[in-house]
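Student: Sequence and predicted structure, then a few things I'm wondering about:
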Amino acid sequence: MSRDLRMCFIGDSFVQGIGDPEHRGWVGRVLQATCGDVTAFNLGIRRNTSEDVLRRCWREVAPRTLPDADNRLVVSFGSNDMVEEEGKVRVAPSRCVGNLTSLLDGCRQRAIGALVVGPPPVVDAGEGHLRRTSQLAEEMAALCRSRHVPFIATTQTLACDPAWTREALAGDGAHPGSAGYHRLTDIVLAGRWHEWTARPGQ
């Protein structure tokens, strides 16, 4: 009997796939490349910070899990946290890491397998935003290592990727088109994705 693999993706507009004319984003493309039957739910919301995601996470994820299923949660946020508004970031880096800690603790308590995709860069937000997001990604990666949770870094690779930057600048300055999301998909698939999905969850 095949296992019931149920997977929620929660986060911001990059999770939602904003800007992709094919309406697949990286989540849809990753799922297409994933072996086996997966029941998947995209819970990305534009402009969400880690505070927003933490606030809504369990009330949205809980109805989409089953007691006997292999339940998974893919988390990706941080880009909006590091946006500066009125002279300060929307969510302090320490608070963002604390929110991720709470989510990972919640996954452990609920026996839900977790994987974290690092925050993509916002191209038109400037060097300061990239610097803050890169530092945040490093702190997220350290947290994930300490919890033995897979972390897939994206920030620096995408900041240097011509398809990502070209499409983002041609659009709203933040979100790429299909080529940029295809590049992010490649990063996720190369980052222990197949290993994580192939082994039984918690």
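Tutor: Cool, got the structure.
Student: Flag the shaky bits of this protein, pLDDT-wise.
Tutor: 1-2, 202 (pLDDT under 70).
Student: most centrally placed residue in it?
Tutor: The structure's the chain has its C-alpha centroid closest to residue 76; by CA atoms, centre = their mean the separation is 2.1 Å.
Student: So what sits opposite it in the bridge?
Tutor: For residue 76, the beta-bridge partners are residue 11 (DSSP bridges).
Student: Let me see the contact set for it.
Tutor: 9, 10, 11, 12, 14, 15, 116, 117, 118, 119 (CB atoms under 8 Å, 6 or more residues apart in numbering). Quick note: C-beta positions are derived from backbone N, CA and C, even for glycine.
Student: next structured bit after the lengthiest helix in the chain?
Tutor: If you go by DSSP state H, the chain has its longest helix at helix 127-147. Using DSSP states H and E, the helix or strand that directly follows helix 127-147 along the chain is strand 151-152.
Student: Can you mark which positions in the very next helix or strand once past that following strand are buried?
Tutor: Moving toward the C-terminus from strand 151-152, the first helix or strand encountered (DSSP H and E) is helix 155-159. Buried residues in helix 155-159, counted by 16 or more other CB atoms under 10 Å: 155, 157, 158, 159.
Student: Format these as a markdown table; extra columns: distance to residue 144.
Tutor: Converted to a markdown table, the buried residues of helix 155-159 look like this (distance: CB to CB, whole Å):
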| residue | distance to residue 144 |
| --- | --- |
| 155 | 14 |
| 157 | 17 |
| 158 | 18 |
| 159 | 20 |
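Student: how about the strands in the protein?
Tutor: 5-11, 38-44, 70-76, 84-85, 88-89, 113-117, 151-152 (DSSP state E).
Student: CSV for those strands, including distance to residue 189?
Tutor: Shown next, in CSV, are these (distance: least, CB to CB, whole Å):
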stretch, distance to residue 189
strand 5-11, 14
strand 38-44, 14
strand 70-76, 13
strand 84-85, 32
strand 88-89, 31
strand 113-117, 11
strand 151-152, 9
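Student: Between the ones you listed, which one is closest to residue 55.
Tutor: strand 5-11 (11.2 Å; CB to CB).
Student: Centre of the chain to that closest one, how far?
Tutor: 10 Å (CA atoms, centre = their mean, to the nearest Å).
Student: now swap in stretch 181-194 and tell me
Tutor: 11 Å.
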